[in-house]
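Novice: Quick one: sequence and predicted model below, then my questions.
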Amino acid sequence: MLILTRKRGESIWIGGRIKVTIVDLKPNQVRVGIDAPQDERVYREEIYLQILEENQRAASSSTAPAEIPVMVKPLKGGSSKLLAKPKGEKDE
């Protein structure tokens, strides 16, 4: 994990496409602004974990729908793993 120190109004860039700005600081809370392209999904962690859990449950269900939304699970080291492939897509 990379740990940076930033002050109110200062930013960091991720991958040249995502800008994270510290908007406000309170004793137990930090407000963060995120500028990202529309094709980048940005979730709070608790929502992201719910999506992963629902996808895993749907994939293992015998009554799973024909098409399961594709979600990517981050792995250690920054790579990612598909949890489900779109219908008709083959493994490489």
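Specialist: Noted; the coordinates are in hand. Residues are numbered from 1 along each chain as shown.
Novice: Let me see the domain layout of this structure.
Specialist: Domains of the chain are assigned by automatic domain parsing as 1-38, 45-82.
Novice: Show the model's pLDDT score for Leu83.
Specialist: Per-residue pLDDT puts Leu83 at 54.
Novice: now swap in Ala58 and tell me
Specialist: 87.
Novice: By mean pLDDT, show me the worst of the domains of the chain.
Specialist: Out of the domains of the chain, domain 45-82 stands lowest, with a mean of 72 (criterion: mean pLDDT).
Novice: Ile22 is in contact with Lys7, correct?
Specialist: Yes: using Cβ atoms under 8 Å, Lys7 is in contact with Ile22, at 6.7 Å. Where C-beta positions appear, they are placed from N, C-alpha and C, glycine not excepted.
Novice: The two: which has the busier surroundings?
Specialist: Per other Cβ atoms under 10 Å, whichever of Lys7 and Ile22 has more neighbours is Ile22, with 18 against 7.
Novice: which one is the more buried one nearest to, not counting chain neighbours?
Specialist: In space, and not counting its chain neighbours, Ile22 is closest to Arg6: 4.8 Å by Cβ to Cβ, 6 or more residues apart in numbering.
Novice: Report how many residues lie close to the one you found.
Specialist: Arg6, neighbours per other Cβ under 10 Å, totals 14.
Novice: From here on, call the first residue 33.
Specialist: Got it, the first residue is 33 from now on, which makes the last one we talked about Arg38.
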